[in-house]
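Colleague: This is a predicted model, with the sequence first.
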Amino acid sequence: MSSLKIGEVSIEWLGHSAFRVKGAGLTVYLDPYNLPRGLEPADLILVTHEHFDHCSPSDLAMLRNEGTRVVAPPIASSCASRGGEVLEISPGATLSVLGVEVRGVPAYNINKFRAPGRVFHPKEDNRVGYVLGIGGVKIYHAGDTDNIPEMAELAGLGIDVALLPVSGVYVMTPEEAADAVRMVKPRIAVPMHYGAIVGSRSEAEKFKELASSLAEIAILEKAL
């Protein structure tokens with residue numbers, strides 16, 4: 001399936017870590033990257049961090065209009081602010097934007113290294129994932145992260161859908177993502193961060209095999 005529907009909220013995977021969420025009369029994009037031209041503009045765009053496959057100035061410019069709000073952590077502000085204002089968010093902070101609750105949550109590596117002792121996404125850089133509350137549905141977009149201890153704190157939020165990276169290398173492996181499901185306890189989990197930079201559908205299928213006893217696993221087809 002190319003979209004997931006919960007109540008009046010729809011979730012589409014646009015490839016890699018990019019999603020389009022529609023609900024409450026709004027169109028929300030998360031980490032838009034490498035999208036086709038001519039898409040409907042965004043009411044709200046959420047950027048998890050500054051790396052090119054998550055903060056793409058050309059995609060942001062395409063989706064922006066005068067009323068679009070963009071939320072990003074400070075480390076991504078210079079990228080996300082090209083063409084307009086950015087509302088900054090940090091792990092632990094919450095914003096209300098256009099009636100949507102946006103919570104920043106930690107996203108960082110503990111065992112994915114670019115060099116000895118240097119992870120790709122250090123905790124101190126304050127990159128984020130998001131918990132998005134829209135139309136009565138809570139969606140967790142994990143960003144680029146490992147299965148970090150803070151994920152256990154999300155179990156009490158009643159997450160309906162968790163969007164989790166599964167490709168390894170820079171983010172969780174399928175095994176680690178299954179452990180994240182165990183901690184977060186979502187109703188539904190959707191694998192992401194594969195098929196463009198690293199990883200393939202095989203990682204998504206492996207994740208489904210490992211986590212299907214913990215939650216409903218929905219492997220979405222690319223919508224665009």
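Modeller: It's in.

Colleague: When you work out contacts or count neighbours from here on, use the C-alpha atoms and nothing else.
Modeller: Will do.

Colleague: Give the helix, strand or coil label for Glu150.
Modeller: helix (DSSP: H, G, I helix; E, B strand; the rest coil).

Colleague: Roughly how far does it sit from Ile89?
Modeller: As for Glu150, its distance to Ile89 is 17 Å (criterion: C-alpha to C-alpha, to the nearest Å).

Colleague: Of those two, which one has the most company?
Modeller: Between Glu150 and Ile89, counted using other C-alpha atoms under 10 Å, the more crowded position is Ile89 (26 against 13).

Colleague: ok, that one - contacts?
Modeller: Val71, Ala72, Pro73, Pro74, Leu95, Gly104 (C-alpha atoms under 8 Å, 6 or more residues apart in numbering).

Colleague: would CSV of the residues you listed with distance to Glu12 be doable?
Modeller: Below are the contacts of Ile89 laid out as CSV (distance: C-alpha to C-alpha, whole Å):
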residue, distance to Glu12
Val71, 20
Ala72, 21
Pro73, 23
Pro74, 27
Leu95, 23
Gly104, 21
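
Colleague: State the helix or strand in which Leu163 lies.
Modeller: Assigned by DSSP states H and E, Leu163 belongs to strand 161-165.

Colleague: Just the CA trace of that strand, in CSV.
Modeller: What follows is strand 161-165, C-alpha atoms only, in CSV (Å, rounded to 0.1, in the frame of the first residue of the first chain):
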residue,chain,number,x,y,z
VAL,A,161,2.4,5.4,14.2
ALA,A,162,6.2,5.2,14.5
LEU,A,163,8.3,6.0,11.4
LEU,A,164,11.6,4.2,12.1
PRO,A,165,14.9,4.1,10.1
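
Colleague: Give me the sheet partners of it and which way each runs.
Modeller: In the sheet, strand 161-165 lines up against strand 137-141 (parallel), strand 188-192 (parallel) (DSSP bridges).

Colleague: Out of those strands, flag the one nearest Leu154.
Modeller: strand 137-141 (8.8 Å; C-alpha to C-alpha).

Colleague: and the closest one, how far out from the chain's middle?
Modeller: 9 Å (C-alpha atoms, centre = their mean, to the nearest Å).

Colleague: which ones are touching the residue minimising distance to the centre of the chain?
Modeller: Central residue of the chain (C-alpha atoms, centre = their mean): His141, 3.1 Å from the mean position. Listed by C-alpha under 8 Å, 6+ apart, the contact set of His141 reads Gly129, Tyr130, Val131, Leu132, Ala162, Leu163, Leu164.

Colleague: Quickly list what it is bridged to.
Modeller: Beta-bridge partners, per DSSP bridges, of His141: Tyr130, Leu163.

Colleague: Tell me which residues of the helix or strand encompassing Glu175 come out buried.
Modeller: Element membership for Glu175, per DSSP H and E: helix 174-184. Neighbour-count burial for helix 174-184, counted by 16 or more other C-alpha atoms under 10 Å, picks out Pro174, Glu175, Glu176, Ala177, Ala178, Asp179, Ala180, Val181, Arg182, Met183, Val184.
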